[in-house]
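Engineer: got a predicted structure here, sequence first:
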Amino acid sequence: MKHNIRVTALLVLFFFLAQIVGLGIVYSDIKVDNIVTETGQNITVVSHPETALGPRPDVYNFDALLMVLIGVLIGTSLVLLIVKLNTIKVWKAFFFFSVFLTITLSVGVFFSWYVAAVIGFLLAFLKMWKRNVVIHNFTELLIYSGIAVLFAPLFEPLWMIVLLLIISAYDAFAVWKSKHMVKMAEFQIEADVFAGLSIPYKSKSVKSRTQNSRHKTETNTAILGGGDVAFPLIFAGVVMEFLIKSGLIGQIAFLKTLAIPIITAAVLFLLLVFGKKGRYYPAMPFLTAGCLVGYFISVFL
């Protein structure tokens, strides 16, 4: 087991809450209109208002997939450069700006853009300079919600599945082969500014008999990268919107889509339980499998 059962359960709980909160915010952002055509056919039209930061990119499916992949590559390259130069202040500034934008997107579903921007700035400030485990992980819930609000309307389920498969392959390569994902994670932990769910905890290790078998307290951190939370959430939002477009009532579509966060949370729990302490694992291949199972349950059952 990578972490003790209490920490494992808490990390999975935060992951599940991020999925539920994010799905609820995406649902609140959806506007549904029923249109009757000249032939008398009823058509369900789903639309989204502009975000608090303006209109979404005018790209869909394949073009959106390319945009996300290019964004991931550019973002990863920038973080790797920051890691190589060991410029923690630059990383903190980059992180603060990202938190401000994504929380503003999330809160902007319910408030005007200037109110959302003020709330985004205040929460980003608290996250950076008044942080604790509650503030850090609570704000993470809003961060992923903002990302889902921005990207979920740009995909149909098939293209989102393609994106998940590509990201899963990249995640496996980045953790097991190139290991640059590990370097980025360790840098963020050292900088005490981690882009993802993070739960520090203390554990005891027993010293040898020659040292009188005394216990030494060690500080560890249970982490889950932001992408591991964001991509399953975006997928769930895409599936929910697809179900609404198919004619389901919004509340029913939301409830059916819950199969995805439930399955992915269960998969994450099993990964943490059967994973070995001190080793890094790419979560996306496992979470993608959970997304596909949840998709089958949501759409076909």
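Structural biologist: All right, it came through fine. Numbering: from 1, shown residues only.
Engineer: now do the strands in the stretch 101-250 of the chain.
Structural biologist: 196-206, 215-225 (DSSP state E, counting those that start in this stretch).
Engineer: closest to residue 71 out of those strands?
Structural biologist: Distance to residue 71, taken as C-beta to C-beta, is lowest for strand 215-225 among the strands of the stretch 101-250 of the chain, at 15.5 Å. Every residue, glycine included, has its C-beta placed from N, CA and C.
Engineer: quick one: the strands of the stretch 101-250 of the chain as a markdown table, columns for distance to residue 158, mean neighbour count and mean pLDDT too.
Structural biologist: Formatted as a markdown table, the strands of the stretch 101-250 of the chain follow (distance: least, C-beta to C-beta, whole Å; neighbours: other C-beta atoms under 10 Å; pLDDT from 0 to 100):
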| stretch | distance to residue 158 | mean neighbour count | mean pLDDT |
| --- | --- | --- | --- |
| strand 196-206 | 28 | 15 | 81 |
| strand 215-225 | 25 | 15 | 82 |
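Engineer: quick one: which of these is nearest residue 61?
Structural biologist: Using C-beta to C-beta and comparing the strands of the stretch 101-250 of the chain, the one that lies nearest residue 61 is strand 215-225, at 25.3 Å.
Engineer: which other helices and strands contact that closest one?
Structural biologist: In terms of contacts (3 or more C-beta pairs under 8 Å, 6 or more residues apart in numbering; DSSP states H and E), strand 215-225 is packed against helix 5-29, helix 180-191, strand 196-206.
Engineer: residue ranges with poor pLDDT in the chain?
Structural biologist: 204-216 (pLDDT under 70).
Engineer: can you give me the helices for it?
Structural biologist: Using DSSP state H, the helices of the chain run over 5-29, 62-85, 88-107, 113-129, 133-151, 157-172, 180-191, 226-245, 250-257, 259-274, 284-300.
Engineer: in the first one, what counts as buried?
Structural biologist: This means helix 5-29. Buried residues in helix 5-29, defined by neighbour count with 16 or more other C-beta atoms under 10 Å: 7-8, 10-12, 14-23, 25-27, 29.
Engineer: and what of the fourth one?
Structural biologist: Of the residues in helix 113-129, 113, 116-117, 119-120, 123-124, 126-128 count as buried by neighbour count, 16+ other C-beta under 10 Å.
Engineer: for stretch 266-273, which residues meet the burial criterion?
Structural biologist: 267-269, 271-272.
Engineer: show me the contact partners of that stretch.
Structural biologist: With C-beta atoms under 8 Å, 6 or more residues apart in numbering as the test, stretch 266-273 has contacts from 1-3, 8-9, 11-12, 15, 222, 224, 281, 283, 286-287, 289-290.
Engineer: let's see that with 10 Å instead.
Structural biologist: When contacts are defined by C-beta atoms under 10 Å, 6 or more residues apart in numbering, stretch 266-273 is touched by residues 1-3, 5, 7-9, 11-13, 15-16, 222, 224, 228-229, 232, 281-283, 285-291, 293-294.
Engineer: off-centre distance for stretch 44-55?
Structural biologist: 21 Å (C-alpha atoms, centre = their mean, to the nearest Å).
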